[in-house]
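**Q** sharing a sequence plus its predicted fold:
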Number of protein chains: 2
Amino acid sequence: MSTIYDVARLAGVSPKTVSRVLNADGPVGEKTREAVERAMRDLGYVRSNAARMMRAQKSGIIGLITGAISTKNQPSTQQGLPDLHIVQGIQRGLEPSGMTVMIADTGGRQDKVPHLIDTFLSHRVEGLIYVAEYHQAVSLPPVPEDTPLVLANCFDDRGTAAVLPDDRRLQADLVRRLIGAGHRRIALLSLRADMAAGRLRPLGYRDAFAEAGLPIDARLMAHVDFDQPETGPQLLWDTIDRMLRIDAPPTVLCCGNDQMALMVYGILRSMGRKVPDEIGVAGFDNYRAIAETLYPPLTTVELPYNAMGVRAGERLLQLVSGEGREDRSPTLVAGPVHWRGSVTELRPKNVVSLKTPREDLQ
Amino acid sequence: MSTIYDVARLAGVSPKTVSRVLNADGPVGEKTREAVERAMRDLGYVRSNAARMMRAQKSGIIGLITGAISTKNQPSTQQGLPDLHIVQGIQRGLEPSGMTVMIADTGGRQDKVPHLIDTFLSHRVEGLIYVAEYHQAVSLPPVPEDTPLVLANCFDDRGTAAVLPDDRRLQADLVRRLIGAGHRRIALLSLRADMAAGRLRPLGYRDAFAEAGLPIDARLMAHVDFDQPETGPQLLWDTIDRMLRIDAPPTVLCCGNDQMALMVYGILRSMGRKVPDEIGVAGFDNYRAIAETLYPPLTTVELPYNAMGVRAGERLLQLVSGEGREDRSPTLVAGPVHWRGSVTELRPKNVVSLKTPREDLQ
DNA sequence: CCCACTTGTGACATCGATGTCATGACACCG
DNA sequence: CGGTGTCATGACATCGATGTCACAAGTGGG
């Protein structure tokens, strides 16, 4: 591959002049510029980033570590592709800065992370982002102080900058909307309690009920480890079956995510219950491949992975520029409720109660 | 960030000696080595890749261009995540070489590809891989001869090395298995004919029928543009409805992909037809989030994206090392049939006919 | 005891782009 | 016409790691 020296020789000028043409530095004569440009074209010259970085002491590279790409094969609690959307968002958030994003994949093995960080450091990245596949606590090896780090979809106990989904508020928004539609007996089929989402969302559920002044029935709340290949479906069936036998059975099942909702559709069908006429189903994530394809389409709340990515990118840029280094609070992000055919409106949509929830008390 | 010069000064040796410790080049005295290693630890030294590359004239980087990360938002014909699995496979295929994989995303805009290629070239990548989101023809801007390029899930008319799914054979394998299970009236709901998969798979279907010596009924073959948000579901309904009214209606519906199968499940349910007892359904892709979660689980054929990635990585390594540069034929990859509950065995599984298809003729 | 050899180490040049400083050719002002 | 700028260009040093060569000290064989 050719260098500025080759270009310079062909154009009959000095390397420095070529550099000036490349960077629009100092002044260059019209004819000289043309000669240089022609030489560059003829040689197919492409500037070497290595040499450039070395001089400039700036790489213009942001390192992104994720398991997004590898982990999609094992059945996992979130078989969606949240981290992928986060990565996409990060790219969008970083785009205006002109930084190149280098993505490294853990290959699903957490123990590769230190090595990946080292690789990135050896490329002198100007910042690092770590993306987790679901909302969780993590513990990364230490990173040099002068290389800013942002955690996306995860947090640690060292106060590292983090961008997180506002699970609590999202669940509250969804339940509030269900209450607004006239539902009172709302079942919550949560994810495992050892997951952040499994703990935070029930809180949001309670928030919405408290706000509406409605009582909570603990029999309608359960954690279901639904994606265990053997026991999962059975467990889900039993849980739903139990809830439906209660004297005042639920009119809606709120699922821990859209994939659970897909499974619930199958179970309800086997039970002979019609969705949404006999019972409503709501999801979580707005995993469109499922939510929009199901019949009836799934009411769900959007976990705004994309927006989270954008925020993470922006926050990193801030840190790189030296701002906000002392801000240790996580950035919380929420998304809209998507109201589709899987839940009936027990009362007309535009009732006043939507705006003043207290009205629902009667 | 510190350099070998800093390390050398702290350890009281020359930079060259530090380099020797780093690379296990020439001999280094025991005590000297220890002093250097301690100095490196104390300074948190990380070797600069830029400087190293410059000297070595080798980057150890493979550039990967894909839309995998950005395009997952728009509803697309393949809402699965094929390209992602390909990327994952590529990483696995390249792992043994120790190359660093740099992933760049087109952001869904094809016009960004030339710029991405330039960025990669400026990083002096040793090879490039382009991954398309579905089997298709592409036309990339020219790449310098000394930088090998491999196309994954796509091909061009310049004879660039390519790795492709063997759609024809996969469809044939699936249909052969269905015939083996005793099915004779097999409907094929193909993808759009302007897609490679939409053209190749019907050929495979015909192959299997021809092999078994069975006649083809053109009324059972259709292309369905099922994922148009408005017209798609209706079109699919009408097509199925028409086929079911034929004098000898199909006993299995072969869908263009697993997502279409998901939609077909909903349609058959609405029509009051039970799967698999009254009619079977088969998919394509083995998109596990759907195939394994559906009830009954979906019989489908695996489009081995992961394996394609591995092959693409391996083929690139070959080209990088200078071998096989004249081989212009595409590498075809196929995967297994996954037999699940969505299709009944009309006859016992182990009949001789499976091994000698001709026996089926009666 | 000397020479050939190994071991351990450092001086210096090099990779390609670019920042700093110097130089020559004009132009313009008083 | 001399002095002060501006324009266009080049020589040279620099970034950090490493290849080449040199060199001193020790080692062993004849």
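**A** That came in fine, so what should we check first?
**Q** secondary structure element holding the spatially closest residue to A:Tyr305 that is not a sequence neighbour?
**A** Spatial nearest neighbour of A:Tyr305, chain neighbours left out: A:His85 (3.6 Å); criterion: C-beta to C-beta, 6 or more residues apart in numbering or on different chains. No exception for glycine: its C-beta is placed from N, CA and C like everyone else's. Per DSSP states H and E, A:His85 falls inside helix A:82-94.
**Q** could you do A:Val150 as well?
**A** strand A:149-155.
**Q** same question for A:Asp227.
**A** Of the helices and strands defined by DSSP H and E, none includes A:Asp227.
**Q** show me where the stretch 1-150 of chain A has its strands.
**A** In the stretch 1-150 of chain A, the segments counted as strands under DSSP state E, counting those that start in this stretch are A:61-66, A:100-105, A:127-137, A:149-155.
**Q** for chain B, which of the ones you listed is the nearest?
**A** Proximity to chain B (C-beta to the nearest C-beta) singles out strand A:100-105 among these, at 4.1 Å.
**Q** and chain B, is the closest one touching that?
**A** Yes: legend: contact between strand A:100-105 and chain B by C-beta under 8 Å from any C-beta of the partner chain is shown at A:Thr100, A:Val101, A:Met102, A:Ile103, A:Ala104, A:Asp105.
**Q** that strand: how far from the chain's middle?
**A** 16 Å (C-alpha atoms, centre = their mean, to the nearest Å).
**Q** avg pLDDT for it?
**A** The average pLDDT within strand A:100-105 is 87.
**Q** returning to what we had before: and the strands of the stretch 1-150 of chain A, which one's lowest on average pLDDT?
**A** Among the strands of the stretch 1-150 of chain A, strand A:100-105 carries the lowest mean pLDDT, at a mean of 87.
**Q** relative to that one, what are the paired strands and their orientations?
**A** Each strand paired with strand A:100-105, and its direction, by DSSP bridges: strand A:61-66 (parallel).
**Q** which parts of the partner strand are buried?
**A** A:Ile61, A:Ile62, A:Gly63, A:Leu64, A:Ile65, A:Thr66 (16 or more other C-beta atoms under 10 Å in any protein chain shown).
**Q** now that strand: how far from the chain's centre is it?
**A** 15 Å.
**Q** for the residue of the stretch 51-200 of chain A found nearest DNA strand C, give me its contacts.
**A** Residue nearest to DNA strand C within the stretch 51-200 of chain A: A:Ala51 (3.3 Å; C-beta to the nearest atom of the strand). Residues in contact with A:Ala51 (C-beta atoms under 8 Å, 6 or more residues apart in numbering or on different chains) are B:Ala50, B:Met54.
**Q** what of A:Pro141?
**A** A:Val113, A:Pro114, A:Ile117.
**Q** who wins on neighbours among these?
**A** A:Ile117 (24 neighbours; other C-beta atoms under 10 Å in any protein chain shown).
**Q** how close does that one sit to DNA strand D?
**A** Distance of A:Ile117 to DNA strand D, given as C-beta to the nearest atom of the strand, to the nearest Å: 16 Å.
**Q** quick one, what contacts that residue?
**A** Counting by C-beta under 8 Å, 6+ apart, A:Ile117 makes contact with A:Gly63, A:Ile65, A:Leu128, A:Leu140, A:Pro141, A:Val143.
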